[in-house]
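Enquirer: what's the 3D shape of this:
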Amino acid sequence: MNEVSGQGLVAVAGATGRVGSVIVEGLSAAGTAVRSLSRTPSGLDTARARTTSRQIDYADAGSIASAVDGASVLVITLGSSDDQAHQEIALIDAAAHAGVEHVVKVSSWTWPSRMHPIDWHLQVEDHLSKVDIGYSLLRPMTFSAVIGAQAELIKNNLWGGAAGTVPANLIDVRDVADVATRLILSGEASGSVRRPYHLTGPGGLSMDAIAEHLSLAIGRTVKYTHRTPDEQRALLLSLGLPDMIVGILLGIDVEAFASGASTETTSTVESVLGRPPRSIPDWIRENAELFR
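Expert: Purely as a prediction, here's the structure:
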């Protein structure tokens with residue numbers, strides 16, 4: 001199909017990811033011209049009106065430049081990797097050079113930290129502040145989907161960690177995507193505007209409380225085993241998880257959860273969407289089959 005370019009075209013980098021795919025779906029449903037960017041594009045995009053799918057090679061400056069050319073808004077929602085900051089900075093620089101007006105960057109709930117991926121997001125945010133381009137920074141709390149990443153451990157009665165007993169206010173990835181979509185469609189994420197949005201769920205739960213909701217959802221007792229960081233690291237490594245993933249999971253436990261950094265609640269999601277964010281129990285009920 002012929003791609004619609006110019007004013008109104010939204011390029012979405014990370015379009016096949018958890019957040020990006022929902023953004024592409026929402027923008028497409030609203031009739032927005034979307035360029036879906038991914039290392040491995042999905043053929044499904046070609047069936048959507050005004051949506052095209054394009055492969056992007058982050059090792060090729062020409063590929064990056066072509067990916068953002070003609071767009072008015074660039075959405076960046078890449079997955080965590082050692083190259084994440086480098087790739088996102090390359091996208092931002094290419095966008096500024098191409099005349100893209102606005103970047104919607106899916107970042108993270110941030111504080112000064114060396115923890116991955118927070119430090120990567122901070123690098124990107126710092127660079128973005130120095131580029132002559134408008135931006136909307138979405139800073140979500142840890143995703144509810146982090147529970148789903150523990151599904152095999154939960155099924156095998158191995159779930160636990162060093163998160164402590166402090167409530168964590170997790171957010172549904174769909175709420176983050178819906179906020180991005182609404183900001184773009186409403187025109188709030190456009191032009192030279194520069195604004196951060198701090199996104200949380202409606203309220204936090206401790207890991208022990210999450211275990212109780214899991215138990216109710218699947219009809220058997222689920223327990224969260226409290227471990228020291230060293231004990232949790234040893235367990236995760238024994239299961240064959242890569243060092244980087246183990247580091248991220250431990251960082252979430254210690255720096256995000258046990259420290260109390262994830263206890264805050266904001267009204268941003270409801271303010272933007274006109275409805276409350278989805279709760280952790282909502283997510284568990286919808287995804288109960290993962291844990292059976």
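
Enquirer: look up how far Ala15 lies from Arg54.
Expert: Relative to Ala15, Arg54 is positioned 9 Å away (Cβ to Cβ, to the nearest Å). Any C-beta I mention is one placed from the backbone N, CA and C, and that applies to glycine too.

Enquirer: so Ser81 versus Ala288, what's the distance?
Expert: 30 Å.

Enquirer: quick one: which of Arg54 and Ala15 has more around it?
Expert: Neighbours per residue (other Cβ atoms under 10 Å) separate Arg54 from Ala15, with Ala15 holding more: 26 against 16.

Enquirer: any low-confidence regions in this structure?
Expert: For the chain, the stretches with pLDDT under 70 are 1-7, 41-49.

Enquirer: swap in 90 and give it another go.
Expert: Scanning the chain with the threshold set as pLDDT under 90 gives 1-8, 39-50, 79-82, 109-120, 244-245, 247-248, 251, 255-256.

Enquirer: do a quick rundown of the helices in the stretch 101-250 of the chain.
Expert: 118-129, 145-148, 151-155, 173-186, 207-218, 229-238, 243-251 (DSSP state H, counting those that start in this stretch).

Enquirer: give me whichever of the ones you listed is most buried.
Expert: The highest mean neighbour count among those, using mean count of other Cβ atoms under 10 Å, belongs to helix 173-186: a mean of 22.

Enquirer: not counting its neighbours along the chain, what's nearest Leu137?
Expert: Excluding the flanking residues, the one nearest Leu137 by Cβ to Cβ, 6 or more residues apart in numbering is Pro196, at 4.2 Å.

Enquirer: returning to that earlier point: closest to Asp93 out of the helices of the stretch 101-250 of the chain?
Expert: Ranking those by proximity to Asp93 (Cβ to Cβ) places helix 118-129 first, at 8.2 Å.

Enquirer: hmm, who's touching the closest one?
Expert: If you take Cβ atoms under 8 Å, 6 or more residues apart in numbering as the criterion, helix 118-129 is touched by 76, 80, 84-85, 88-89, 92, 103, 105, 107-108, 110-113, 135, 137, 251, 255.

Enquirer: give me the distance from that helix to the chain's centre.
Expert: Computed by Cα atoms, centre = their mean, to the nearest Å, the chain-centroid distance of helix 118-129 equals 15 Å.

Enquirer: so it versus helix 243-251, what angle?
Expert: Using axes from the mean of the first three to the mean of the last three Cα atoms, to 10 degrees, the direction of helix 118-129 lies 90 degrees away from that of helix 243-251.

Enquirer: do a quick rundown of the strands in the stretch 51-200 of the chain.
Expert: 51-55, 73-76, 102-106, 134-140, 160-161, 194-199 (DSSP state E, counting those that start in this stretch).

Enquirer: can I get the buried part of the contacts of helix 118-129 as one PyMOL selection?
Expert: Of the contacts of helix 118-129, the buried ones go into a single PyMOL selection, burial set by 16 or more other Cβ atoms under 10 Å:
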select buried, resi 76+84+85+88+89+92+103+105+107+108+110+113+135+137+251+255
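
Enquirer: I'd like the helices of the stretch 101-250 of the chain as a markdown table, with distance to Ser271 appended.
Expert: Listed next are those as a markdown table, based on distance: least, Cβ to Cβ, whole Å:
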| stretch | distance to Ser271 |
| --- | --- |
| helix 118-129 | 22 |
| helix 145-148 | 23 |
| helix 151-155 | 33 |
| helix 173-186 | 10 |
| helix 207-218 | 26 |
| helix 229-238 | 36 |
| helix 243-251 | 29 |
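
Enquirer: out of the ones you listed, which comes closest to Leu27?
Expert: Of all those, it is helix 173-186 that lies closest to Leu27, at 5.8 Å by Cβ to Cβ.

Enquirer: mind listing what Ser38 touches?
Expert: Taking Cβ under 8 Å, 6+ apart, one finds Ala13, Gly14, Ala15, Thr16, Gly20, Ser53, Arg54, Gln55, Ile56 in contact with Ser38.

Enquirer: what residues of the helix or strand hosting the fifth one count as buried?
Expert: By that I understand Gly20. Assigning secondary structure by DSSP states H and E places Gly20 in helix 18-29. If you call a residue buried by 16+ other Cβ under 10 Å, then helix 18-29 has these buried ones: Val19, Gly20, Ser21, Val22, Ile23, Val24, Glu25, Gly26, Leu27, Ser28.
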